[in-house]
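In: build me a model:
(one chain, ligands or ions: 2)
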Amino acid sequence: MDLFAATPLQLVDDAEGGIRYWPAFVGEDEAAAWFQALCEGCDWQHQRRPMYDRVVDVPRLQAWYPFGEEPGDDLPAGLPLAAMLARVQATVPGAYNSAGLNLYRDGQDSVAMHNDKLHMLVPGQPIALVSLGAPRRMNIRAKAGGRALGIDLEPGSLLVMSHASQTTHEHGIPKTTKPVPPRMSVVFRARPDVFSRPPMQPATDETRQRTFTPVRTLQRPPLAPAPSQRSVSAAQQAAAGAGVQPALRPAAKTGR
Ligand SMILES: O=C(O)CCC(=O)C(=O)O
Ligand SMILES: [Mn+2]
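Out: Numbers count the residues shown, from 1 in each chain. Ligands and ions are numbered 1, 2, ... in the order given. I've put the predicted structure just below:
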């Protein structure tokens, strides 16, 4: 066990380890290499989700990879997921069998306050979340009430949430008007019946699928909008500089 791994910050306490944070779980260079490889190599999907009486955009891109007891046999060879899993296992051992990835293209991407769905988690098993790319604030709030705790999730950090904490606390990544470059989370979980779960539902609107262009290859797109178009926000301009196409951002109401 390395030194950083030995000293997590305890954010929430419970009988299963609560919520712990390792700010420097891996070094900067390794985190940057993982981010680049995952940006370019993952099968990023843009989902839409029913919310009340309509279907809304999920305000981030997602990818999902299930794996069995020999993760190297199931995980795509070109991605660093097996190496990341080995590092996570060395710090917080668990019966992980799923890697869920979120890509926040800019400050408009987010995830609303929620707890991870209990019926899709094996009881007692940890949820291990590796952050890459730009830092983003996560809010963690007790369901019983009280002020939310805000923690800036640094690239190369590890946040581990117990299964029990999903019954007592909610977490979320709020939108921000600050110009923030893309950020990614890679979340290892133990799912019941992981291989029988239906694959992620892609966006129903074809044009909303695969809207992320790998950061290394993208040229800065022109930003001058025609007078009739809505203005481009500072966050969108920054995202464009970081390799995200503002023209492809959804304008509609978004869901979690
Ligand atoms: O991106 C994050 O840090 C949080 C993601 C999350 O909460 C989830 O995927 O359920
Ligand atoms: Mn979550």
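In: just how off-centre is the longest helix along the chain within its chain?
Out: Under DSSP state H, the helix in the chain containing the largest number of residues is helix 28-41. Here helix 28-41 shows a centroid-to-chain-centroid distance of 14 Å under the convention C-alpha atoms, centre = their mean, to the nearest Å.
In: which helices and strands does that helix pack with?
Out: Contacts defined by 3 or more C-beta pairs under 8 Å, 6 or more residues apart in numbering; DSSP states H and E place helix 28-41 against strand 127-133, strand 183-189. For the C-beta atoms, the positions are set from N, CA and C on the backbone; glycine is no exception.
In: repeat that with 10 Å
Out: strand 61-66, helix 81-91, strand 98-104, strand 127-133, strand 183-189 (3 or more C-beta pairs under 10 Å, 6 or more residues apart in numbering; DSSP states H and E).
In: distance of the nearest residue to residue 174 once chain neighbours are set aside from ligand 1?
Out: Among residues not flanking residue 174 along the chain, residue 110 sits closest, at 5.8 Å (C-beta to C-beta, 6 or more residues apart in numbering). Remark: distance between residue 110 and ligand 1 (C-beta to the nearest ligand atom, to the nearest Å) = 9 Å.
In: verify the contact between residue 110 and residue 104 for me.
Out: Yes: assessed by C-beta atoms under 10 Å, residue 110 is found in contact with residue 104 at 7.0 Å.
In: please enumerate the shared neighbours of those two.
Out: 59-60, 136, 173, 175-176 (C-beta atoms under 10 Å, 6 or more residues apart in numbering).
In: about what we covered before: comparing residue 110 and residue 104, which residue is more hemmed in?
Out: Per other C-beta atoms under 10 Å, whichever of residue 110 and residue 104 has more neighbours is residue 104, with 26 against 18.
In: enumerate every residue touching that one.
Out: 59-61, 110-111, 133-134, 136, 173, 175-176, 180-185, 239, 244.
In: now the terminal residues of stretch 83-100, how far apart.
Out: Using C-alpha to C-alpha, to the nearest Å, one end of stretch 83-100 lies 15 Å from the other.
In: between the helices and strands packed on helix 28-41, which gets nearest to ligand 1?
Out: strand 183-189 (3.2 Å; C-beta to the nearest ligand atom).
In: so where's the stretch 1-150 of the chain uncertain?
Out: Low-confidence segments of the stretch 1-150 of the chain (pLDDT under 70): 1-6.
In: nearest residue to residue 26 in space, please, no chain neighbours.
Out: In space, residue 26 is closest to residue 156, 4.6 Å off (C-beta to C-beta, 6+ apart).
In: what is the neighbour count of the one you found?
Out: By other C-beta under 10 Å, 22 other residues sit near residue 156.
In: how much space separates it from residue 120?
Out: Distance from residue 156 to residue 120, counting by C-beta to C-beta, to the nearest Å: 27 Å.
In: picking that back up, buried among the contacts of residue 104? Make that a PyMOL selection.
Out: PyMOL command restricting the contacts of residue 104 to the buried ones, with burial defined by 16 or more other C-beta atoms under 10 Å:
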select buried, resi 59+60+61+110+111+133+134+136+173+175+176+180+181+182+183+184+185+239+244
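In: stretch 23-39 close to ligand 1?
Out: No: Stretch 23-39 lies out of reach of ligand 1 by C-beta under 6 Å from any ligand atom, never closer than 13.1 Å.
In: circling back to that earlier point, the shared contacts of residue 110 and residue 104 into CSV, with extra columns for distance to residue 23 and secondary structure?
Out: CSV is the format used below for the shared contacts of residue 110 and residue 104 (distance: C-beta to C-beta, whole Å; DSSP: H, G, I helix; E, B strand; the rest coil):
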residue, distance to residue 23, secondary structure
59, 26, coil
60, 23, coil
136, 14, strand
173, 17, strand
175, 23, coil
176, 20, coil
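In: of those residues, list those near ligand 1.
Out: Subset of the shared contacts of residue 110 and residue 104 in contact with ligand 1: residue 173, counting by C-beta under 6 Å from any ligand atom.
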